[in-house]
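Chemist: Predicted model follows, preceded by the sequence.
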Amino acid sequence: MSVLRAVNRLETRGYPGFGKRVKRLRRSVGFKQAHLAELLQVDQATVSRWERGGQTPPPETQQAVFAALGPVRADDSALRRLVTSSSDCVHLVEEASHRCLAYSASRARDWKTSQSALLGVSLWQFATDEIQAAEAELDADGWWDMHTPAPKAFLTSEAVHDRIRISAGEIIWERLYLSDGTPVRLVSGSRH
């Protein structure tokens with residue numbers, strides 16, 4: 001799949017489980033619905049409908065919501081150092097938007113990129129069909145309702161994009177929290 005098609009998919013479909021994803025992030029960073037509504041120039045009832053799943057905003061509004069909830073404010077250099085120096089094939093993403101925070105040299109080699117090229121980039125645009133399906137299952141699994149859900153393991157196929165190559169193999173997702181309360185996902189895996 002081309003990068004343009006992947007970006008178009010993100011722009012037309014947004015994120016699965018958007019409401020619960022926003023609720024988890026909003027609570028983790030200590031925002032009330034009214035404060036988020038004020039930042040986005042919508043009413044509190046709109047934010048409530050998003051979180052309940054009664055209404056899903058368009059993808060560009062979803063991006064604005066994640067931007068309003070703010071970039072990672074804490075340093076968390078120790079966690080980043082553990083990820084970047086790991087000999088395992090791992091990466092760390094902000095859980096709501098999939099913005100890449102850090103990745104190991106092994107992951108960089110697997111992706112066929114430098115160890116900094118994708119920092120700050122949402123990796124959701126590169127998600128394989130299997131990654132998208134696993135993400136869509138999180139809501140039914142209760143992932144967004146639990147503080148520390150059980151790790152989720154699944155298999156993915158290979159995908160080659162202009163900026164990244166995803167190897168076929170097992171992926172394991174585990175939720176962690178940054179020091180400011182932001183939920184992040186440690187993604188590890190083995191290649192087949």
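Modeler: Thanks, I have it.
Chemist: Show me the residue at the heart of this structure, geometrically.
Modeler: His98 (2.3 Å; C-alpha atoms, centre = their mean).
Chemist: Without its sequence neighbours, what residue ends up closest to it?
Modeler: Nearest non-adjacent residue to His98, counting by C-beta to C-beta, 6 or more residues apart in numbering: Trp124, 4.0 Å away. The C-beta positions use only the backbone N, C-alpha and C, and glycine is treated the same way.
Chemist: can I assume that neighbour sits in a strand?
Modeler: No: counting by DSSP: H, G, I helix; E, B strand; the rest coil, Trp124 falls outside a strand, being helix.
Chemist: surely it meets Cys100?
Modeler: No: if you go by C-beta atoms under 8 Å, Trp124 and Cys100 don't touch, sitting 10.1 Å apart.
Chemist: same question for the helix or strand where Arg27 lies, mean pLDDT?
Modeler: If you go by DSSP states H and E, Arg27 is part of helix 18-28. Helix 18-28 shows a mean pLDDT of 86.
Chemist: by contact count, what packs against that helix?
Modeler: helix 44-52, helix 59-68, strand 183-191 (3 or more C-beta pairs under 8 Å, 6 or more residues apart in numbering; DSSP states H and E).
Chemist: Please state the offset of the following helix or strand past the longest one from the chain centre?
Modeler: This means helix 59-68. Using DSSP H and E, the helix or strand that follows helix 59-68 in sequence is helix 77-85. Counting by C-alpha atoms, centre = their mean, to the nearest Å, helix 77-85 is centred 18 Å from the centre of its parent chain.
Chemist: angle of helix 77-85 against strand 183-191?
Modeler: Helix 77-85 and strand 183-191 are oriented at 20 degrees to each other (axes from the mean of the first three to the mean of the last three C-alpha atoms, to 10 degrees).
Chemist: pull the CA atoms of helix 77-85 into PDB?
Modeler: Output of helix 77-85 as PDB, limited to C-alpha atoms (Å, rounded to 0.1, in the frame of the first residue of the first chain):
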ATOM      1  CA  SER A  77      14.200  10.200  29.400                       C
ATOM      2  CA  ALA A  78      14.800   7.000  31.300                       C
ATOM      3  CA  LEU A  79      12.000   5.200  29.500                       C
ATOM      4  CA  ARG A  80      13.000   6.600  26.200                       C
ATOM      5  CA  ARG A  81      16.600   5.500  26.900                       C
ATOM      6  CA  LEU A  82      15.500   1.900  27.800                       C
ATOM      7  CA  VAL A  83      13.500   1.700  24.500                       C
ATOM      8  CA  THR A  84      16.300   3.200  22.300                       C
ATOM      9  CA  SER A  85      19.000   1.100  23.900                       C
END
